[in-house]
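Asks: Kindly generate the corresponding structure for this input.
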Amino acid sequence: MLHASTFSRFCSGTSLCRASRLANSTSRTTKRSSYLAYARYMSTEQKDKPFDSLVVGLGQSDSVQKHLESVLPKSLAKDLEHQIKAAGVKGKSGECKVLFPKWTASDTSALSLPLDSTLKVALVGLGTEHQTLTEDLQKEKLRRAVAQGIKTLKQHGATRIGVVNASDPHAAAEASTLALFDHKYSKSVSEKTKDESNVSTVPVRSDSQDIQQLEDKQGWTSGVVYGTAQNLARRWMDTPSNLMTPRLFAQEVHQHLGSLPGVEIHERDATWAEEQGMGCFLGVTKGSAEPARFLEIQYRGRPNTDEWSLGLVGKGVTFDTGGIDLKPWQGMEDMKGDMGGAACVAATLYGIARLGLPLNVVCAIPLCENMPDGQAIKPGDVLRAMNGKTVEVLNTDAEGRLILADALYYVSSTYKPPVLMDVATLTGAMMVALGSTYTGVFTNSDRLWSDLQTAGNSTYELLWRMPMHPEYRKAIHSSRVADLANISGGRGGGASTAAMFLREFVGQPAVPDSELGDHPNEQEQLEWEVESAGEPCHYAHVDMAGTMDSKSSEAYHHKGMTGRPTRALLEYACRLAQQ
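Replies: As a prediction, this is how the structure comes out:
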């Protein structure tokens, strides 16, 4: 894709690095290697199945006829020439035309790749090639073009699609997998739920003489894993809440991750949480008849060491009514996706295990519903967290930070990972601040932010750094009856005060209470930053409230829950494994 001249240039870049990383990491054990061999993009049984469709990229500056003749065998390109003129193909970004060559099997008997007699060719526009366009934007242009071609061909009944001359096979595979996501619940109870597409896609190399299947040396397999992981998060988030209760979510995790090499899953109940002293988590669970679960997933990609590389925590509120502080009815049905943080971190761990990354990762997911029955917590109640701090509940709809507080402290105190992240659909303030384009990140670590930003740009799951300032911490220390309040008293800065609340449960507080004066000066800010740099782990809070769902379907995006930022987190883990 992109342009024929860029094929080798891009394939010698990040995709090859990612493929070699995959090969190095998966060669660690025979078991892991055999699993990835099983997970490859094409099974042996499919190898000889004819292709009924091809996706071909076309730049706006290309001569359409010459370009087509250079990337397709002459027997195919010649018959398409008159169709090209009639269709008025220009190669503009967003353009997609499906052409139908007329030919017989004898016309392609010399080709290496079997082609079906009903072959369809989707020409997708790539626009003008800008030399100043970054590699990340080039990859995103490729993703969008491939996805558009795949979606269009699927509408034409395609079942086996070859992606021709993809300049970055990893990005093309991501787009193909994401574009084919199809998760629909039948209106008839007699019909089965449909969530898997019967369309397969593979990379092919083509020129004027021949067309052949590419061996997986340039990242297609890893791209499929990335896309599959995000689709898994999408499906979990999009599932109706009566079919995705805490227990059912735990079952899904067992089903999809339980058999992966290096993965162990521990499913805890409320009794265990009570023994741990998780008063904040248990406080939220009291209003629901659905039993809560605390899910702990461990992946050991470095089995010879007890040190942990990364800790992940995901908010798992499988439905959020707001509790006693009931939400408005408009849009409440979308609160089935309030377990998006849990879905994303579990899907990220799925991808880490599928890729066999040489990391030890622990993932904690507190699972519950936030409901308003007679046992539910009330505004003004005081809860005691696992670390001993008391929290005054000023708003029961700020429940996510309560369950995350105990989970963060559990992971940071039990496993002491050098990097710890929580992911959550936490605040409406984040939606107001960043909309649906960027996911907000709050972190005490410049290095962690730099790595996350790079990962977000690479996958085009964009991240934006938000402020963590000691002034915000003062707002959550305003309770008259407890150590902390779960919300601030004012309207502004809600996302930042939430992040500062969570940070209270990771290592030591940034600044002792006695140092928080009414008018902090530059020296105090400097002391806060120095102590922040010396904390036991690099911590990030990822607020995905704004990017939780999409209102429209475009390219590889679908209307509904997005599964973002799963691929960004997985890309970060891949880069962490290289450090």
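Asks: switch to C-alpha atoms for all contacts and neighbour counts from now on
Replies: Will do.
Asks: Which strands or helices does whichever strand or helix holds Val202 pack on?
Replies: Element membership for Val202 (DSSP states H and E) is strand 200-206. Judged by 3 or more CA pairs under 8 Å, 6 or more residues apart in numbering; DSSP states H and E, the packing partners of strand 200-206 are strand 160-164, helix 169-179, strand 211-213.
Asks: Now do the longest one, average pLDDT.
Replies: Mean per-residue pLDDT for helix 169-179: 96.
Asks: That one versus strand 200-206: what angle between them?
Replies: Interaxial angle, helix 169-179 versus strand 200-206 (axes from the mean of the first three to the mean of the last three CA atoms, to 10 degrees): 150 degrees.
Asks: which ones are touching the residue found closest to Asp451 once you drop the neighbours it is linked to in the chain?
Replies: Counting by CA to CA, 6 or more residues apart in numbering, Tyr572 is the residue found nearest to Asp451 once chain neighbours are left out, at 6.7 Å. Residues near Tyr572 by CA atoms under 8 Å, 6 or more residues apart in numbering: 451-452, 455.
Asks: before we move on, what about Thr239?
Replies: Lys336.
Asks: Tell me the pLDDT of it.
Replies: With respect to pLDDT, Thr239 scores 96.
Asks: again, but for Gln83
Replies: So Gln83 comes in at 83 (pLDDT).
Asks: What residues of the host helix or strand of it count as buried?
Replies: For Gln83, the element it lies in under DSSP H and E is helix 74-87. The neighbour-count check on helix 74-87 (16 or more other CA atoms under 10 Å) flags 74-78, 80-81, 84 as buried.
Asks: Stretch 365-381 too?
Replies: Within stretch 365-381, the residues scored as buried using 16+ other CA under 10 Å are 365-372, 376-378.
Asks: now these in CSV, with distance to Tyr350 and pLDDT?
Replies: CSV is the format used below for these (distance: CA to CA, whole Å; pLDDT from 0 to 100):
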residue, distance to Tyr350, pLDDT
Ile365, 14, 99
Pro366, 18, 99
Leu367, 18, 99
Cys368, 22, 99
Glu369, 24, 98
Asn370, 27, 98
Met371, 30, 98
Pro372, 34, 97
Ala376, 34, 98
Ile377, 34, 98
Lys378, 37, 98
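Asks: before we move on, back to that, partner strands of the strand holding Val202, parallel or antiparallel?
Replies: Sheet pairing of strand 200-206 (DSSP bridges) gives strand 160-164 (parallel), strand 211-213 (antiparallel).
Asks: What are the contacting residues of the last one?
Replies: Think strand 211-213. The contact list for strand 211-213, computed with CA under 8 Å, 6+ apart, reads 72-73, 111-113, 202-206.
Asks: Show me what the mean pLDDT comes to for that strand.
Replies: Here the average pLDDT along strand 211-213 is 79.
Asks: ok now that strand, how far from the chain's centre?
Replies: 31 Å (CA atoms, centre = their mean, to the nearest Å).
Asks: relative orientation of whatever helix or strand comes next after that strand and helix 169-179 in degrees?
Replies: Proceeding N to C from strand 211-213, the next assigned helix or strand is helix 220-238, under DSSP H and E. Here helix 220-238 runs at an angle of 30 degrees relative to helix 169-179 (the same axes, to 10 degrees).
Asks: what packs against the helix or strand following helix 220-238?
Replies: Counting by DSSP H and E, the next helix or strand C-terminal to helix 220-238 is helix 246-257. Helix 246-257 makes packing contacts with strand 263-268, strand 293-300, helix 340-355, strand 360-370 when contacts are defined by 3+ CA pairs under 8 Å, 6+ apart.
Asks: Give me the buried positions along helix 246-257.
Replies: So helix 246-257, judged by 16+ other CA under 10 Å, has buried residues 246-247, 249-250, 253-254, 257.
Asks: And the helices in the stretch 1-150 of the chain?
Replies: Under the criterion DSSP state H, counting those that start in this stretch, the stretch 1-150 of the chain contains helices at 7-11, 14-26, 30-38, 64-71, 74-87, 135-155.
Asks: on that earlier part again, flag every buried residue along the strand holding Val202.
Replies: Across strand 200-206, burial judged by 16+ other CA under 10 Å covers 200-206.
Asks: show me what contacts Tyr410?
Replies: Neighbouring residues of Tyr410 by CA under 8 Å, 6+ apart: Met386.
Asks: So it, which state does it fall into?
Replies: helix (DSSP: H, G, I helix; E, B strand; the rest coil).
Asks: ok, it to Leu404 distance?
Replies: 10 Å (CA to CA, to the nearest Å).
Asks: Residue ranges of each domain in this protein, please.
Replies: What automatic domain parsing lists as the domains of the chain is 4-218, 225-578.
Asks: which stretch in the ones you listed has the least confidence?
Replies: The bottom spot among these, by mean pLDDT, belongs to domain 4-218, with a mean of 73.
Asks: can you list contacts of the helix holding Gln83?
Replies: Outside helix 74-87, the residues that touch it by CA under 8 Å, 6+ apart are 64-65, 68-69, 97, 99-103, 107-108, 208-209.
Asks: Also stretch 336-346?
Replies: With contact meaning CA under 8 Å, 6+ apart, stretch 336-346 is reached by 230, 232-234, 236-241, 253, 312-320, 363, 365, 422-425, 544, 548, 561, 563-566.
Asks: Could you do stretch 125-145 as well?
Replies: So stretch 125-145 is contacted by 1-2, 57-61, 90-96, 124, 168, 171-172, 174-176, 457-460, 555-556 (CA under 8 Å, 6+ apart).
Asks: Walking through the stretch 401-550 of the chain, point out its strands one by one.
Replies: 419-424, 439-443, 463-465, 484-485, 538-543, 549-550 (DSSP state E, counting those that start in this stretch).
Asks: What lies in contact with the fifth one?
Replies: What that stands for is strand 538-543. 418-427, 430, 439-445, 448-449, 499, 502, 506.
Asks: that older thread, for the helices and strands packed on helix 246-257, which one sits closest to Arg473?
Replies: Proximity to Arg473 (CA to CA) singles out helix 340-355 among the helices and strands packed on helix 246-257, at 23.4 Å.
Asks: This completes my enquiry, with thanks.
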